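>>> got a predicted model here, sequence first, then my questions.
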Amino acid sequence: MSSALDQIFVHGKRWLLSWIAAAPNWIIQITSSLINIVALLAVFLTLFALMSVLERKILGRMQNRYGPNRVGPFGLFQPIADGIKMLIKEDIVPARADKVVHFLAPVILAAVAILTLGVIPYGRHMTAFTIDGGILFFFAVGSATELAVFMAGWASNNKFSMLGAMRAIAQMFSYELPMIITVLPVVMIVGSLMPDRIVFAQGEYTLGIVPRWFVFTPWGAAAFILFFVSGLVESNRTPFDVPEGESEIVAGHMTEYSGFKYATFFLAEYLGMFAVSGLAVTLFLGGWQPPVRLLEFVPSYIWFFAKLSVLLFVYIWLRGTLPRTRVDQMINVAWKFMLPMAFTCVIAAAVWHYAGRGMRGWLWSLFVIVFVYTALSILLDTRRKFARRVYRFAE
Amino acid sequence: MNGVAFIVISVLTLAGALAAATLPNLMHAAFCLVVALLGLASFFFLLGAEFVGLALVFIYIGAVAVLIVFTILLTRRDSKEHHDINPPTAGRAWSGILIALAVFAGLTWSALKTQSLSIVPPHIQALTVKQIGQALMTGYVWPLQCVGLLLTAALIGALVLVMEEKR
């Protein structure tokens, strides 16, 4: 099972540590942490570079144009050119801005995103930071994002920045609640807040074919969709990029940032996106577990990153497809639809568990979800009849 | 290593708290308060009580700090303009010193009366989040429900306060 190729990185780290086996304990501890940090940063900064060019390529494909194709083969070296450009740009700080806070905001934002990446299991025995309450850590640290965004908006001393920060905080607060509650059923069923245990719990196969990922149960599917939408909002991606809103408030809290600080905001946004998708993979899509027993020889980390790339592609796809939502509609959906549905997922998971986790539980929990969904749709339908739109001047 | 970490975190926490109490710009003071709270959370991590530490970060930095910051933003435009609303007088200064001395004396008295802790800490099994959850759902289920009810009432109260009046 645990083949050499699967554990190559774990063994590699052990081999590196064996060089300093004679050193005192605390040096080994710190070196071990440093190796984890360096590996995490190397992988995800590369992924960030790759994602930035792939996103532009895919968006270009969707919009019938080429996208970047000048630098290197297929424009693949575009991120390097972008990085150099960002580094040599002038860093402008407004005269009336709060210099220290203005500097700290992007740094904290990026640091928080990197910290949240640490608790996700990328493969068998491959979690950078193993902690008993890993899921709780993810959300506790992630909640500092709001403060960092506020710092950026306030320190810029600009009304667009402040408006953007206010919008960002309003939407992040509204969607944090459904997001955390959709995680609850998984935690309840597994009985642990540890990401590794959650992945292990999804390891078996029903009838030897269908993997026991939580997304294949009715409550899991509903919770996954709710979680994914909340994740879109939390990372300020396109259908919900109201805080940036280039056409209304010129990039919101990032208005007064330039050069590499602006790039740091993007880095934080993308890393946050990776973290949320990684958590979605861990919670609902079986983490690093293969989808078919026959394919178990493929290393676990490859499965994780394959699933992650699928989710990231959906992010890009949505960006190329959907227009921006309106602020009030977005917040309304969070409180009136997402939150009750999230609670329904918790109840449906309990029903599934007490009906024996089999076919009967599956059907009962499906019934609960469909019932509440239908009831909510009927209740929330305001039955507003729109008059037929008549154009007076243009036929 | 734990000793070094303890000293570093203590210095950070104390500096943050001191800055939060003394900085003239209220917004800076609020941010420094966050640093002090982060230090407190790291103490819990150092003690192995990660759940309490995480809860502290979650609630105080994720929610309360944002609340404080918003309150400052919405209530006063610039802290400098309002500085001399309460000009310090001799009586006020003396009463402040008196209260500070009284609090200090009370704390010293209670600290001196407390029996000193044994140097070797007892070996305690690290508490997992699961155990805390089980304790909350069995032995402490009534207090938990009462707190839940109270928070719900507060939430509804806040909603009622800001609700538009319908005619």
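Arrived safely. Remember, predicted model here, so these are calculated numbers, not experimental data.

>>> from now on I want contacts and neighbour counts done on CA atoms only, so please keep to that.
Fine.

>>> let me see the domain layout of chain B.
The record's domain parsing of chain B by automatic domain parsing lists B:1-79, B:128-167.

>>> nearest to residue A:327, of those domains?
domain B:128-167 (18.5 Å; C-alpha to C-alpha).

>>> list the buried residues for that closest one?
Within domain B:128-167, the residues that count as buried by 16 or more other C-alpha atoms under 10 Å in any protein chain shown are B:128, B:129.

>>> who's in contact with residue A:217?
Contact analysis of residue A:217 by C-alpha atoms under 8 Å, 6 or more residues apart in numbering or on different chains lists residue A:362.

>>> before we move on, the earlier item: what's the closest of the domains of chain B to chain A?
domain B:1-79 (4.2 Å; C-alpha to the nearest C-alpha).

>>> Provide the contact partners of the helix or strand encompassing residue A:331 at residue level.
Assigned by DSSP states H and E, residue A:331 belongs to helix A:327-333. Applying C-alpha under 8 Å, 6+ apart, the external contacts of helix A:327-333 come out as A:167, A:171, A:174, A:240, A:242.

>>> quick check: the two most widely separated of those?
A:174 and A:242 (13.5 Å).

>>> so for stretch A:87-104, first residue to last residue, what's the gap.
In stretch A:87-104, first residue to last residue: 18 Å (C-alpha to C-alpha, to the nearest Å).

>>> same question for the helix or strand just after the helix holding residue A:331, mean pLDDT?
Next helix or strand after helix A:327-333 toward the C-terminus (DSSP H and E): helix A:339-354. Mean pLDDT, helix A:339-354: 90.

>>> same check, this time on stretch A:296-306
Averaged across stretch A:296-306, the pLDDT comes to 84.

>>> which positions within it qualify as buried?
A:296, A:299, A:300, A:301, A:302, A:303, A:304, A:305.

>>> among those residues, which ones are in strands?
Of these, none are assigned to strands by DSSP state E.

>>> so how far is residue A:171 from residue A:244?
Computed as C-alpha to C-alpha, the residue A:244 to residue A:171 distance reads 12 Å.

>>> for residue B:92, same thing?
Distance, residue B:92 to residue A:171, using C-alpha to C-alpha: 44 Å.

>>> and if you look at residue A:6?
40 Å.

>>> what's the answer for residue A:198, then?
In terms of C-alpha to C-alpha, residue A:198 sits 28 Å off from residue A:171.

>>> circling back to that earlier point, so between residue A:174 and residue A:242, which is more surrounded?
Taking other C-alpha atoms under 10 Å in any protein chain shown, residue A:174 and residue A:242 do not tie; residue A:242 has more neighbours (25 against 22).

>>> ok, and what's touching stretch A:8-19?
Applying C-alpha under 8 Å, 6+ apart, the external contacts of stretch A:8-19 come out as A:28, A:31, A:32, A:35, A:125, A:126.

>>> contacts only, for the second one.
Applying C-alpha under 8 Å, 6+ apart to residue A:31 gives the contacts residue A:17.

>>> ranges for the helices of chain B?
Here chain B has its helices, by DSSP state H, at B:2-22, B:26-46, B:50-56, B:65-75, B:90-113, B:129-137, B:141-162.

>>> okay if I get the domains of chain B as TSV plus mean pLDDT?
Listed next are the domains of chain B as TSV, based on pLDDT from 0 to 100:
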stretch	mean pLDDT
domain B:1-79	84
domain B:128-167	85
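
>>> around chain B, which positions in chain A sit nearby?
Neighbours of chain B within chain A, by C-alpha under 8 Å from any C-alpha of the partner chain: A:26, A:132-133, A:136-137, A:139-141, A:143-144, A:146-147, A:191-193.

>>> mind listing what the residue most central in space within chain A touches?
Computing the C-alpha centroid of chain A and ranking residues by C-alpha atoms, centre = their mean puts residue A:276 first, at 2.0 Å. Residues near residue A:276 by C-alpha under 8 Å, 6+ apart: residue A:231.

>>> ok, now the one 10 residues further on?
For residue A:286, the contact set (C-alpha under 8 Å, 6+ apart) comprises A:199, A:202, A:203, A:212, A:213, A:214.

>>> which ones are touching residue B:138?
For residue B:138, the contact set (C-alpha under 8 Å, 6+ apart) is empty.

>>> next, the distance between the ends of stretch B:47-65.
Per C-alpha to C-alpha, stretch B:47-65 runs 24 Å from first to last residue.

>>> buried sites along that stretch?
For stretch B:47-65, burial by neighbour count (16+ other C-alpha under 10 Å) applies to B:49-58, B:60-63, B:65.

>>> contacts for that stretch next, please.
For stretch B:47-65, the external contacting residues (C-alpha under 8 Å, 6+ apart) are A:133, A:136-137, A:139-141, A:143-144, A:146-147, B:30-31, B:34, B:37-38, B:40-45, B:126-129.
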